[in-house]
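[1] sequence below, structure please.
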Amino acid sequence: MNLITKFLTFVFAFALLLTGQNLAFAEDQYSDDLVPKLTSNTSAPPIVIEEDNYFAPYAGWKVFDDNTDSFASWYTYLLPSDAEGHFVIVDFGAGNTKKVQKINIKGYHISSSSKGSSVKDWKFYGSNDKTTWTLLSNDTYPNVVTTQSYEFNNDTSYRYYRLNILNSYFDPTGKTIGLNELELFEKSSTTPIDEPVLSGTAGNAKNTLSWDAVTGATGYILKRSTTPGGPYTTIASNVTGTTYTDTDVTNGTTYYYVVTAINDDGESGNSNEVALTPTDTTTPTGNRALLVISLTDGSTREYDLSINIVNDFVSWYEGKQSEAFVFTKEYNIGPFTSRQEYISQKHILSFEVKQYSK
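    Model prediction:
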């Protein structure tokens, strides 16, 4: 090393010292465990856990119960398996994929007299159809009962992940294996991407969605459910604009939408949820009509009106001009001088116009 190189190295190191930095490379950052604490194989929908076999009551979902007691484990006792051993599968649900790049495995001592660990050789796979599986990592778990971390490269997001345990230190044949805990992780985005803000308008046999553009996003994923809060199914992937019209809808059915932003680092969290109910708002042509309104509380209101009033109602509903529409009743007035009924727009689920001439 010549004198100039030594001098520059010294200056660089001294500058790092003054700024409180060091020469260590930054480690990869990972998400929280992608599978929450479970109390059954379906207790955190849309996630579902299954296994090829287990010795009751030690089912596969117990590897996600956050309980390190050996009795809270997945266990097979002298149960036959194929050459790939016994396995447990994580299904993240339709429209939900994850890019797992790290797993934590914890075995246990099956027998107090034999200190052989319940896990030895293992393989980890990913799939999007549960038929074709891609090997992501494989290794040998040491003969211990402590948590071991394994990191690997994976550039594909998968719906299904499968851990195969081929054998154990207790049983080299692989009939008796066990797993205390399993954790799955994604790499955290190096540049976290914001969640979009979603809005929408219901129409006749269609729902139109729009959202604010997110800085750094290369596309968007639109998801839909018929249940508030999901689970959501992806209906459009890699949308490059900030609007989308969903025409695969049925009038009178309420749909719940969220949108996420994506870039090379991953996917944002879900946006706010928007509920839309497509409705046939075709302007009637008869001189009178029966207006039947279905409300969100399950009740209905029926009005026999002139076509002008019906047109006013349709215009009010489409234009959202005020909070409520006022119907002045001309029948069943009783002892009163007038009767008026107010219908709030936010409580209208759907309405039907039955035209007739009089």
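
[2] center of this structure - which residue?
    With the centre of the chain defined as its mean C-alpha position, the nearest residue by Cα atoms, centre = their mean is residue 96, 5.3 Å away.

[3] double-check that residue against residue 48; I have them as touching.
    No - counting by Cβ atoms under 8 Å, residue 96 sits too far from residue 48 to count as a contact (11.0 Å). Backbone N, C-alpha and C define where each C-beta goes, glycine included.

[4] in the sheet, which residues pair with residue 220? Tell me.
    residue 239, residue 261 (DSSP bridges).

[5] thought residue 258 was touching it, still the case?
    No - judged on Cβ under 8 Å, residue 220 makes no contact with residue 258 at a distance of 10.6 Å.

[6] more neighbours: these two, which one.
    A count of neighbours by other Cβ atoms under 10 Å puts residue 220 above the other of residue 220 and residue 258, at 27 against 23.

[7] mind giving me the domain split of the chain?
    The record's domain parsing of the chain by automatic domain parsing lists 48-186, 198-276, 288-356.

[8] strands of the stretch 1-150 of the chain, residue ranges please.
    48-51, 74-76, 86-91, 100-106, 121-127, 134-140, 148-151 (DSSP state E, counting those that start in this stretch).

[9] for residue 172, which of those is the nearest?
    Nearest of the strands of the stretch 1-150 of the chain to residue 172, taken as Cβ to Cβ: strand 121-127 at 9.5 Å.

[10] circling back to that earlier point, I'd like the strands of the stretch 1-150 of the chain laid out as a markdown table, including mean pLDDT.
    As requested, these are arranged in a markdown table below (pLDDT from 0 to 100):
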| stretch | mean pLDDT |
| --- | --- |
| strand 48-51 | 97 |
| strand 74-76 | 93 |
| strand 86-91 | 97 |
| strand 100-106 | 97 |
| strand 121-127 | 98 |
| strand 134-140 | 97 |
| strand 148-151 | 96 |
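
[11] and residue 322, which of the ones you listed is closest to it?
    In this view, those are compared for proximity to residue 322 by Cβ to Cβ, and strand 48-51 is the closest at 46.6 Å.

[12] can you name every helix or strand that that closest one contacts?
    With contacts defined as 3 or more Cβ pairs under 8 Å, 6 or more residues apart in numbering; DSSP states H and E, strand 48-51 has these neighbours: strand 86-91.

[13] strands paired with the strand it packs on, and their directions?
    strand 48-51 (antiparallel), strand 160-165 (antiparallel).

[14] return the longest one as PDB; C-alpha atoms alone will do.
    Listed in PDB are the C-alpha atoms of strand 160-165, where the atom choice follows Å, rounded to 0.1, in the frame of the first residue of the first chain:
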ATOM      1  CA  TYR A 160     -48.400 -22.200  -0.400                       C
ATOM      2  CA  TYR A 161     -45.300 -23.100   1.500                       C
ATOM      3  CA  ARG A 162     -44.400 -26.600   2.600                       C
ATOM      4  CA  LEU A 163     -41.800 -27.900   5.100                       C
ATOM      5  CA  ASN A 164     -40.800 -31.500   4.700                       C
ATOM      6  CA  ILE A 165     -39.000 -33.200   7.600                       C
END
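
[15] quick one, grab the pLDDT at residue 350.
    Among the per-residue scores, residue 350 shows a pLDDT of 82.

[16] excluding covalently adjacent residues, which one is nearest to it?
    Of all residues not flanking residue 350 in the chain, residue 252 sits nearest, at 4.2 Å (Cβ to Cβ, 6 or more residues apart in numbering).

[17] before we move on, the earlier item: any chance of the strands paired with strand 86-91 in TSV, with distance to residue 334 and mean neighbour count too?
    As requested, the strands paired with strand 86-91 are arranged in TSV below (distance: least, Cβ to Cβ, whole Å; neighbours: other Cβ atoms under 10 Å):
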stretch	distance to residue 334	mean neighbour count
strand 48-51	59	19
strand 160-165	65	24
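
[18] turn those into CSV, including distance to residue 182.
    Conversion of these to CSV gives the following (distance: least, Cβ to Cβ, whole Å):
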stretch, distance to residue 182
strand 48-51, 10
strand 160-165, 6
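
[19] which of those strands sits closest to residue 34?
    Closest of the strands paired with strand 86-91 to residue 34 is strand 160-165, at 9.0 Å (criterion: Cβ to Cβ).

[20] downstream of that closest one, the next helix or strand is which one?
    strand 177-179 (DSSP states H and E).

[21] ok, back up a step: okay if I get the domains of the chain as JSON lines plus distance to residue 39?
    Formatted as JSON lines, the domains of the chain follow (distance: least, Cβ to Cβ, whole Å):
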{"stretch": "domain 48-186", "distance to residue 39": "7"}
{"stretch": "domain 198-276", "distance to residue 39": "18"}
{"stretch": "domain 288-356", "distance to residue 39": "33"}
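
[22] residue 135: neighbour count?
    The number of residues packed near residue 135 is 12, by other Cβ under 10 Å.

[23] how near is the nearest residue to it once chain neighbours are set aside to residue 100?
    With Cβ to Cβ, 6+ apart as the measure, residue 125 is the residue that lies nearest to residue 135, at 5.6 Å, once sequence neighbours are left out. When Cβ to Cβ, to the nearest Å is the yardstick, residue 125 and residue 100 sit 10 Å from each other.
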